[in-house]
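Visitor: can't give you the sequence, but here's the structure:
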């Protein structure tokens, strides 16, 4: 059985989508995480921002971060879902393993919770 680990995923949704479509993409990613045995701990909606460099002729993107726990073998399926989604410009996963990394993950998750509560 795969071990449960702490992860962070950040993805950028195309800015050309309507607000409802952007929210639908976020919900799709969340449901993919839970369908694959993950548990969403906290989310950080960073909103529309300028990209560091142009991606597929887009200068802006809608940034979203999810802190979650999941079995290690579920990440490949989540990665496949991202790669098949044309509405997502970029994505990444970060795995937190050591005690120091998990402490940092907890701190970031707590910051996102405080921001969401405002």
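Guide: Sure thing, it's come through. What you see is a predicted model; the values in this text were computed from it and never measured.
Visitor: Give the ranges of residues in the chain that sit below the confidence cut-off.
Guide: Along the chain, the model assigns pLDDT under 70 to residues 1.
Visitor: Now for the closest residue to residue 21 other than its chain neighbours, how many residues are close by?
Guide: Leaving aside its sequence neighbours, residue 21 sits nearest to residue 87 (C-beta to C-beta, 6 or more residues apart in numbering; 7.3 Å). In this view, the C-beta of every residue, glycine as well, is placed from N, C-alpha and C. When neighbours are counted by other C-beta atoms under 10 Å, residue 87 registers 16.
Visitor: residue contacts, residue 87?
Guide: In this structure, residue 87 makes contact with 13, 14, 17, 21, 25, judged by C-beta atoms under 8 Å, 6 or more residues apart in numbering.
Visitor: Considering the residues you listed, which possesses the most neighbours?
Guide: Counting by other C-beta under 10 Å, top hit in those: residue 13 with 24 neighbours.
Visitor: wait, doesn't that one sit right on residue 58?
Guide: No: Residue 13 lies out of contact with residue 58 (C-beta atoms under 8 Å); the separation is 10.1 Å.
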